[in-house]
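Chemist: model this:
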Amino acid sequence: MKGNPPFVRNLDAFSFAELFIVCAVTAILGIRLFLHITGYPQIGNSTLHIAHLLWGGLLMLVSIVMLIAFIGRRSELWAVVLGGAGFGMFIDEVGKFVTRDNDYFFEPSVAIMYMVFVLLIISLQMIKTGWTFTKREYLINALKGLEEVALLDLDEDEKKKVLGYLARSDQDNPLTAPVRDLIAGTASVPSQPPGVYSRAKRRFSKFYERIAGSRYFSAGITVFFVLQLLVTLAYVAVITLFIGFGKERIMNMKALEHITLRLDGLTFVDEARIFSSLLSGVFVVLGIYYLRRSRLLSLRMFEWSVLVSILLTYVFIFYKEQFAALAGLSFNLLIFAGLRIMIRKEQTDELVREVSRSWVGFS
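Modeler: Predicted coordinates:
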């Protein structure tokens, strides 16, 4: 039928993607830790070497076969877990396949892996939020709930979700009303207790929301960004003076006569890291500037600063520091999550203030 979209988005895709990335990163870190502890053993003999990239390919193949051969949410979840672990095992050996000497320890390989995950997240986010979900997409996703009805595996949470999709579907479509009646009249099975990952994520989210909602956290965020700006400026000064200008020349007082610093000694990675750090610092300055004018705008500027660090600066940090950069990245992700909580709270507060002002004007 002409006019039908070639692809229909899965509304569960982002939750699946999150699990996929967690499994992939866990596989990479687990493999690296195991190889380091065991002294990098090899499976094979003097002629053969069975790289773990092949095991990753096998897991991804199993994942694809499961998606092709089976129906239902459980098979999808298992496919995501196995596919994520397989992809992690696959991408971990990227250094071997971008170097002539098959160098597993190729320095930029960690940055390449990080960049792949960043691009994956950005792509999925663009698919999810790039345009509004259509009523047809809501209806098609709701129809997937009929699979769980037929399998006698529709739990209460899934039932509420499907009914929510149907409420956003085209009410004039001849399928909407019968499917809604069928789902509403179906006895749901008890919800399965959440797994270890879901429980840990839920508890951490609640705990972090309580912390991020306090005024001390808000003040701490501001102090953090001020300190970050100072550290950035100090880093740029050191890297340009002692590397670009030359340590020997900086010790010579005559060098102070030169106004323009020579950056010939900087590598592309150093220059890119400086540029991205300065760009992140610009948003910090804007955030501080707007702090007294508009708290919401200030928080958004801080959010953009963290996004520049996560999506751009840390590509080059991973290049230089390898897996040691994970600690800093984790901290930045926590700051980003806290900012998102604070922005949502500030948006709610602004809405309440607008409603209050409108009621005052009306009275």
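Chemist: contacting residues around residue 212?
Modeler: By Cβ atoms under 8 Å, 6 or more residues apart in numbering, the contact list for residue 212 reads 337, 338, 341, 342. Bear in mind the C-beta positions are built from the backbone N, C-alpha and C, glycine included.
Chemist: tell me which element the last one falls in.
Modeler: Taking DSSP states H and E as the definition, one finds residue 342 inside helix 326-362.
Chemist: Adding neighbour count and pLDDT, write the contacts of residue 212 out as TSV.
Modeler: As requested, the contacts of residue 212 are exported to TSV (neighbours: other Cβ atoms under 10 Å; pLDDT from 0 to 100):
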residue	neighbour count	pLDDT
337	16	83
338	23	83
341	18	82
342	20	82
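Chemist: Could you dump those into JSON lines and include distance to residue 188?
Modeler: Shown next, in JSON lines, are these (distance: Cβ to Cβ, whole Å):
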{"residue": "337", "distance to residue 188": "32"}
{"residue": "338", "distance to residue 188": "36"}
{"residue": "341", "distance to residue 188": "31"}
{"residue": "342", "distance to residue 188": "36"}
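Chemist: Would you mind extracting the C-alpha trace of stretch 31-47 into CSV?
Modeler: Extracted C-alpha coordinates of stretch 31-47, given in CSV (Å, rounded to 0.1, in the frame of the first residue of the first chain):
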residue,chain,number,x,y,z
ILE,A,31,37.3,-9.5,29.1
ARG,A,32,40.0,-6.9,29.8
LEU,A,33,40.1,-7.7,33.5
PHE,A,34,40.2,-11.4,32.9
LEU,A,35,43.0,-11.1,30.3
HIS,A,36,45.0,-8.9,32.6
ILE,A,37,44.6,-11.3,35.6
THR,A,38,45.4,-14.4,33.6
GLY,A,39,48.3,-13.0,31.6
TYR,A,40,46.5,-12.8,28.2
PRO,A,41,46.2,-16.5,27.5
GLN,A,42,45.4,-17.7,23.9
ILE,A,43,42.9,-20.4,22.9
GLY,A,44,44.6,-22.4,20.1
ASN,A,45,48.0,-23.9,19.3
SER,A,46,51.1,-22.8,17.6
THR,A,47,49.2,-22.4,14.3
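Chemist: which parts of that stretch are buried?
Modeler: residue 31 (16 or more other Cβ atoms under 10 Å).
Chemist: Do me a favour and average the pLDDT over that stretch.
Modeler: Average pLDDT, stretch 31-47: 80.
Chemist: What are the contacting residues of that stretch?
Modeler: Contacts for stretch 31-47 (Cβ under 8 Å, 6+ apart): 49, 50, 52, 88, 89, 92, 323.
Chemist: can you do 7 Å?
Modeler: 49, 50, 52, 89, 92, 323 (Cβ atoms under 7 Å, 6 or more residues apart in numbering).
Chemist: Distance from it to the middle of the chain?
Modeler: 30 Å (Cα atoms, centre = their mean, to the nearest Å).
Chemist: tell me the secondary structure for the residue most central in space within the chain?
Modeler: What sits nearest the mean C-alpha location of the chain, by Cα atoms, centre = their mean, is residue 121, with 5.4 Å. The three-state label for residue 121, taken from DSSP: H, G, I helix; E, B strand; the rest coil, comes out as helix.
Chemist: circling back to that earlier point, how about the helix holding residue 342: buried residues?
Modeler: 326, 329, 332, 335-339, 341-343, 345-346.
Chemist: Quick one: neighbours of the residue lying closest to residue 311 once chain neighbours are set aside, just the number.
Modeler: The spatial neighbour of residue 311 that comes closest, neighbours along the chain excluded (Cβ to Cβ, 6 or more residues apart in numbering), is residue 118 at 5.7 Å. Residue 118 has 15 neighbouring residues, counting by other Cβ atoms under 10 Å.
Chemist: For residue 118, give me the pLDDT.
Modeler: For residue 118, pLDDT reads 89.
Chemist: Helix or strand for it, just tell me which one.
Modeler: Assigned by DSSP H and E, residue 118 belongs to helix 109-129.
Chemist: Show me what the next helix or strand after that helix packs onto, helices and strands only.
Modeler: As assigned by DSSP H and E, the chain's next helix or strand after helix 109-129 is helix 135-143. On a contact count with 3 or more Cβ pairs under 7 Å, 6 or more residues apart in numbering; DSSP states H and E, helix 135-143 meets helix 156-167, helix 176-185.
Chemist: low-scoring stretches of the stretch 151-300 of the chain, by residue?
Modeler: Within the stretch 151-300 of the chain, the ranges that satisfy pLDDT under 70 run 191-192, 194-195, 197-198, 213, 238-266.
Chemist: Enumerate every residue touching the closest residue to residue 109 other than its chain neighbours.
Modeler: Leaving out its chain neighbours, the residue that sits closest to residue 109 by Cβ to Cβ, 6+ apart is residue 95, at 3.5 Å. Contacts for residue 95 (Cβ under 7 Å, 6+ apart) come out as 103, 104, 105, 106, 109.
Chemist: Which of the residues you listed fall in helices?
Modeler: Under the assignment DSSP state H, these contribute residue 109 to helices.
Chemist: Selecting buried members of the contacts of residue 95 in PyMOL, what would you type?
Modeler: A single PyMOL command selects the buried members of the contacts of residue 95 (16+ other Cβ under 10 Å):
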select buried, resi 106+109
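Chemist: a markdown table for the contacts of residue 95, including distance to residue 72?
Modeler: Below are these laid out as a markdown table (distance: Cβ to Cβ, whole Å):
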| residue | distance to residue 72 |
| --- | --- |
| 103 | 43 |
| 104 | 39 |
| 105 | 42 |
| 106 | 41 |
| 109 | 37 |
